[in-house]
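Enquirer: Give me a 3D structure for the following:
(2 chains)
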Amino acid sequence: MTCEEFERVLQELGASHGIEQEAHLKSCSACSDLVSDLNAISQQARLLQASEEPSPWVWNSIELALRQDGLIHGSQRERASTFAPLLNWKLRWLVPLAAAFLVAFGVLMHERGTGQPPLSGTETARLQPGEAAMPSDDQQLLNTVGARMPSMRAAYETNLRSVNAYIRDAEQSAHSDPNDEVAQQYLMNAYEQRAMVYEMALDRSLP
Amino acid sequence: MTDAKRQQGDRLSEAAAIERAKQGDAEAFETLYNLHKRRVYSLCLRMTANTAAAEDLTQEAFLQLFRKIGTFRGESAFSTWLHRMAVNVVLMQLRKKGLPVVSLEETMEGEEEAPRKEPGAEDPRLAGSIDRMQLQLSIRALPPGYRMIFLLHDVEGYEHNEIAEMVGCSIGNSKSQLHKARMKLRELLKTSRAEKATKP
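Expert: Residues are numbered from 1 along each chain as shown, chains lettered A, B, ... in the order given. I've put the predicted structure just below:
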């Protein structure tokens, strides 16, 4: 058996060797080294199995999209209620902190400003009936995303509209009953999701 | 609990999660996501070498899967189905970027030559001296087609018949691509080792 024939069989059979191949290996140090090296590569590769995890926003985006598609039933409020036993009144102070965090994001986006024009009449006209106009900092963010990643603009706009609707809903519940801890947690979740969308967009937009 | 029992338990919980997900259960979707996110993300990350792109592709793969979950009948393993989605999503992305993807339908005849064994001084074996970081860098340097097959077989542990189903090639082609990937890696690792040896 020649070395070329051996390699052809090696490609087909992989780790298993017949008598002829074993005999060739005993007599050919080059092929023996080759088999040893390829086995070592394969063994080391197995140690590279998945160790990294995607960031939490990936699941949040998936969940948002599935809810928009109507593939997930049941309200997000039902999920928030699972946190109720863990909540205490001290969480209320986190609400204005979250709001301040979002304002800071808005200021940061304004300072980064890409020179893009504010929401134009044409953009306003594109709004669907009953759809709220987007806040100017959201528009700024979308313009930044659109400038760097045009194909992603629509996805981010959809995500922001969903998150803003979630915040409006949560704010209404929280304001109607400030003592409702479930509603407060609901609102916190909504702010966190919005912050995640901003963080994700900024990560991808920075050069 | 033995590994076999644990795996059986995982399969049952996955099967239950699939049925509940078909009914629109949010927790079921999240369970399925958590069970498979690392492997899908890891595949995407190793194919793109970019965390942002890998996360976008991971999201896309899971969304495609979840939107079709109502059609899953269990003919193949759920993880195989998911990885097939991930592979398709990655390959589409590479083609969109105009990156050369080695045709997975190349036949064994007329393929590019495998790296030749050069005569000359004896080259020490790689066994026992493969640097993990260097291996990861070398994998990144493989052509996308070789890299995909190598990742699915040697890193993720899929068999050739499963890989052939996932990527839409023949079993023979899968074996051929894997062999070439390993030969190329061998060449890259030896070159890297030689370069390090000559550095002051």
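Enquirer: Which residue ranges of chain B form helices?
Expert: Taking DSSP state H as the criterion, chain B carries its helices at B:3-22, B:26-48, B:51-67, B:78-96, B:132-141, B:144-150, B:160-167, B:171-198.
Enquirer: Please tabulate these in CSV and include mean pLDDT and distance to residue A:140 as additional columns.
Expert: From N, CA and C alone the C-beta is placed, and that goes for glycine too. Formatted as CSV, the helices of chain B follow (pLDDT from 0 to 100; distance: least, CB to CB, whole Å):
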stretch, mean pLDDT, distance to residue A:140
helix B:3-22, 73, 37
helix B:26-48, 91, 28
helix B:51-67, 92, 20
helix B:78-96, 85, 28
helix B:132-141, 89, 36
helix B:144-150, 91, 37
helix B:160-167, 87, 42
helix B:171-198, 90, 45
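Enquirer: Ranking those by mean neighbour count, which comes first?
Expert: helix B:144-150 (a mean of 24; mean count of other CB atoms under 10 Å in any protein chain shown).
Enquirer: what's that helix packed up against?
Expert: Based on contacts counted as 3 or more CB pairs under 8 Å, 6 or more residues apart in numbering or on different chains; DSSP states H and E, the elements that helix B:144-150 packs against are helix B:26-48, helix B:78-96, helix B:132-141, helix B:160-167, helix B:171-198.
Enquirer: would you list those in CSV and tack on distance to residue A:54?
Expert: Shown next, in CSV, are the helices and strands packed on helix B:144-150 (distance: least, CB to CB, whole Å):
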stretch, distance to residue A:54
helix B:26-48, 4
helix B:78-96, 12
helix B:132-141, 18
helix B:160-167, 21
helix B:171-198, 25
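Enquirer: so which of the helices of chain B comes closest to residue A:163?
Expert: helix B:51-67 (15.6 Å; CB to CB).
Enquirer: need the helices of chain B in a markdown table with distance to residue A:34, can you?
Expert: As requested, the helices of chain B are arranged in a markdown table below (distance: least, CB to CB, whole Å):
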| stretch | distance to residue A:34 |
| --- | --- |
| helix B:3-22 | 33 |
| helix B:26-48 | 25 |
| helix B:51-67 | 33 |
| helix B:78-96 | 29 |
| helix B:132-141 | 17 |
| helix B:144-150 | 17 |
| helix B:160-167 | 20 |
| helix B:171-198 | 8 |
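Enquirer: rewinding a little: in JSON lines: the helices and strands packed on helix B:144-150, plus distance to chain A.
Expert: Formatted as JSON lines, the helices and strands packed on helix B:144-150 follow (distance: least, CB to the nearest CB, whole Å):
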{"stretch": "helix B:26-48", "distance to chain A": "4"}
{"stretch": "helix B:78-96", "distance to chain A": "9"}
{"stretch": "helix B:132-141", "distance to chain A": "6"}
{"stretch": "helix B:160-167", "distance to chain A": "9"}
{"stretch": "helix B:171-198", "distance to chain A": "4"}
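Enquirer: Break chain B into its domains for me.
Expert: Using automatic domain parsing, the domains assigned to chain B come out as B:3-96, B:132-198.
Enquirer: Could you export these as TSV, including distance to residue A:156?
Expert: Shown next, in TSV, are these (distance: least, CB to CB, whole Å):
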stretch	distance to residue A:156
domain B:3-96	11
domain B:132-198	28
